[in-house]
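**Q** need a structure here:
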Amino acid sequence: MNYLITYNDNKSTEQIIQEINNIEGLPLKDLKVMDLIYHNGDPIRSGIGVYIFKSKEKCYYVGNCVSRCFAERIPAHFDLRKVGWFNSLLKTIIKHKFTDKKITDESLHQAAKFAFENISLVLINFEYNKDYINQKKRINNLERNLGEGLKSYNTSFRKIQSVEIENDIL
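**A** Reported below is the predicted structural model:
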């Protein structure tokens, strides 16, 4: 099952969107922690970048991992507690797919069931780069551009930060 894209500076946002649309992703019901660390037996180095929760018809959520790796960030989306601080995917599903948009422990539970039955994961891994600040900016810019380009349900990305990085405009 292919769900991993390795980021390449030479690819345009449109090319990456095309790859995302052409990749099936890993169904959440089949996801194991190991899949966030290894892909086809090879380590996912550095384990940071952008992740997408999508179905065949819709992009539900685009997020990034900069200070945490995929293995730490992605499971946090499935906290079923109303007081959970990072269950953004579940709250996004409730907001866009449910008639009653109230966030409750029960609606979070139903949103998780919906996610596991209908949504797949795609990872875009950025290989290790010792220039952390510029890599963080690249990841944030790609997250924002993909969120807009894929018409993701979640839209609260960082303010436009198209900044100059090593004399390249993103």
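
**Q** Might you calculate how far the helix or strand hosting Arg144 sits from the centre of the chain?
**A** Here Arg144, judged by DSSP states H and E, is contained in helix 132-149. Helix 132-149 has its C-alpha centroid displaced from the chain centroid by 11 Å (Cα atoms, centre = their mean, to the nearest Å).

**Q** In that helix, which residues are buried?
**A** Within helix 132-149, the residues scored as buried using 16 or more other Cβ atoms under 10 Å are 134-147, 149. All C-beta atoms are positioned from the backbone trio N, CA, C, and that covers glycine.

**Q** next one: stretch 42-49
**A** For stretch 42-49, burial by neighbour count (16+ other Cβ under 10 Å) applies to Ile44, Gly47, Ile48, Gly49.

**Q** and the last one, that's in a strand?
**A** Yes. Assessed by DSSP: H, G, I helix; E, B strand; the rest coil, Gly49 belongs to a strand.

**Q** so it touches Cys65, yeah?
**A** Yes. Using Cβ atoms under 8 Å, Gly49 is in contact with Cys65, at 6.2 Å.

**Q** between these two, what contacts are shared?
**A** Common neighbours of Gly49 and Cys65, counting by Cβ atoms under 8 Å, 6 or more residues apart in numbering, are Ile139.

**Q** hmm, back to that, so which one among the buried residues of stretch 42-49 has the lowest pLDDT?
**A** On pLDDT alone, Gly47 ranks lowest of the buried residues of stretch 42-49, at 90.

**Q** Tell me which stretches of the chain form helices.
**A** Under the criterion DSSP state H, the chain contains helices at 13-22, 70-73, 88-97, 105-118, 132-149.

**Q** Restricting to C-alpha, output the second one in CSV.
**A** Listed next in CSV are the C-alpha coordinates belonging to helix 70-73 (Å, rounded to 0.1, in the frame of the first residue of the first chain):
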residue,chain,number,x,y,z
PHE,A,70,4.3,11.6,12.3
ALA,A,71,4.2,8.9,15.0
GLU,A,72,3.6,11.5,17.7
ARG,A,73,1.3,13.9,15.8
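
**Q** and that helix, which residues are buried?
**A** Of all the residues in helix 70-73, those buried under the rule 16+ other Cβ under 10 Å are Phe70, Arg73.
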